[in-house]
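Q: Have a look; sequence and predicted model below, questions after that.
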Amino acid sequence: MKALCLQGGGAKGAFQAGVLKALTQKGCRFDCVVGTSVGSINAAMYALGKVDELYDLWKELDFADVLPLERKGEGQNLTIRSIAATAIEAFRSGVDTSKIRAIIEKHVDEDALRASPIRFGLVTAKGSFTKPVLCELFIEDIPKGQLVDFIMASSALPFFKKVEIDGVRYIDGGILDNLPIRMLANAGYTDVTAVRLGGNLHYEDEEKGLKVTYIDPSESVGHTINFSNFSITHDLNLGYYDVLRLYDGLYGKKYYIKPFGKLRLRFWLWKHRRFVNKAIAYTGVKFCASFREKTAVLTAFLAEKLKCKDATLVEIWTRFVEYVATLGSLERWKVYRFTDFADAAAKKEFDLKKQSDETEDLLAIARLLKEEITNGK
């Protein structure tokens, strides 16, 4: 049986929303989904089949939508008074979470979740942060009418107001198990996809013969309480495109490029042989009889400057064109063909403010490529 496991991490949960959208588009199906903290909220909406709604919900979120903060006006900055009041409240009695609860109540229907073919589960903990007791709960273990209460309990971060259910205090499940793979293993699930939000949490018990596939962000996601729309938008896109890279074998470290082979790359280099000849002249190497030799020398030069000497021909040129793309801040969030990617990267205006002496040679070669593609000279 296949299951999905979602790590806790506050605002970083936006990455999971992007992941879930891409997994759904790829036709991935799961029999069960469990989560901790924000992972439990995402898990509930996934089990309800509300993947697009979840993505759109995150897409519109900002600080004032989840925390007791106010703005001066529509689209304007948060007021200093509301920020100060929230900080004082967090210190005295915990931050009010009524906005978070309202979001859950609006988007998570308990009866529908209980009837869903996808089994739902969450992790929370009883007691205090000094003496917590782990609580692993599947939907059938949660008393009727208390689903939202237990999702809030799973998401009860240390600086949030206390959560009590029937006189018992509950705290954020991440304090004991922020990636509840063991819960799934103990329930008999054998194939788990775990979406992590940073760190190296993993399942160590191999006796149950459990297969675990980890989906990790390719770069740092935001902070737990950074609900700025800028950060959330980045994490949504990162989650979505990182899954496309994983499932479609896309090339690139920062960008997303359709797979291509040496033959296509050599054809592209031959098409831009004037660039290759000028770049060879820049390197100072004079004894290159054939075009293939010139290509090999230039590739080795780039590999040294990019610090990737052990990379393949395709990997080296992909990294170089990615470097060119970063100079012009080329749009990241799309899937490119290599030739289109190289053309678009070279045609952007370069921002040279962050260049250093170490990248002087790379910049010189990038300028030659820009001259070739932009002007055809």
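A: In hand now; what should we look at? Residues are numbered from 1 along each chain as shown.
Q: Check what contacts the strand of greatest length in the chain and list those residues.
A: Determined from DSSP state E, the single longest strand within the chain is strand 119-126. For strand 119-126, contacts defined as C-beta atoms under 8 Å, 6 or more residues apart in numbering pick out 31-36, 40, 43-44, 47, 113, 132-139, 150-151, 153-154, 156, 168-177, 180, 183-184, 187. For the C-beta atoms, the positions are set from N, CA and C on the backbone; glycine is no exception.
Q: Could you pull up the mean pLDDT of it?
A: Strand 119-126 shows a mean pLDDT of 97.
Q: With stretch 277-295 instead?
A: Per-residue scores along stretch 277-295 average to 88.
Q: buried stuff in that stretch?
A: Buried residues in stretch 277-295, counted by 16 or more other C-beta atoms under 10 Å: Asn277, Lys278, Ala279, Ile280, Thr283, Cys288, Lys294, Thr295.
Q: Closest one of these to Phe63?
A: Ala279 (47.8 Å; C-beta to C-beta).
Q: what about the residue lying closest to Val243 once chain neighbours are set aside, which helix or strand?
A: Once flanking residues are discounted, Val243 sits nearest to Ala22: 3.5 Å by C-beta to C-beta, 6 or more residues apart in numbering. Assessed by DSSP states H and E, Ala22 sits inside helix 14-25.
Q: what sits up against the next helix or strand after that helix?
A: Next in sequence after helix 14-25, counting helices and strands by DSSP H and E, comes strand 32-36. The contact list for strand 32-36 (C-beta under 8 Å, 6+ apart) reads 1-8, 40-44, 46-47, 118-123, 138, 154, 172-174, 177-180, 183-184, 187, 189.
Q: element containing the residue nearest to the spatial centre of the chain?
A: Nearest to the geometric centre of the chain sits Gly239, at 3.4 Å (C-alpha atoms, centre = their mean). Applying DSSP H and E as the criterion places Gly239 in helix 229-248.
Q: what sits up against the helix or strand following that helix?
A: Towards the C-terminus, the helix or strand next in line after helix 229-248, according to DSSP H and E, is strand 256-257. Applying C-beta under 8 Å, 6+ apart, the external contacts of strand 256-257 come out as 241, 244-245, 250-251, 318, 332, 334-338, 341.
Q: For the helix holding Ala22, which residues meet the burial criterion?
A: Under the neighbour-count criterion of 16+ other C-beta under 10 Å, helix 14-25 has Ala14, Phe15, Gln16, Ala17, Gly18, Val19, Leu20, Lys21, Ala22, Leu23, Thr24 buried.
Q: Quick one: work out the angle between it and helix 229-248.
A: 40 degrees (axes from the mean of the first three to the mean of the last three C-alpha atoms, to 10 degrees).
Q: Now helix 14-25 - C-alpha only, CSV.
A: Output in CSV follows, covering the C-alpha atoms of helix 14-25 (Å, rounded to 0.1, in the frame of the first residue of the first chain):
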residue,chain,number,x,y,z
ALA,A,14,3.9,26.0,0.9
PHE,A,15,6.6,23.8,-0.7
GLN,A,16,4.3,20.7,0.0
ALA,A,17,1.4,22.4,-1.8
GLY,A,18,3.5,22.8,-4.9
VAL,A,19,4.7,19.2,-4.6
LEU,A,20,1.1,17.8,-4.2
LYS,A,21,0.0,19.7,-7.3
ALA,A,22,2.7,18.3,-9.4
LEU,A,23,2.3,14.7,-8.0
THR,A,24,-1.4,14.9,-8.8
GLN,A,25,-0.7,16.0,-12.3
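Q: the strands in the stretch 251-377 of the chain, which residues?
A: 256-257, 335-336 (DSSP state E, counting those that start in this stretch).
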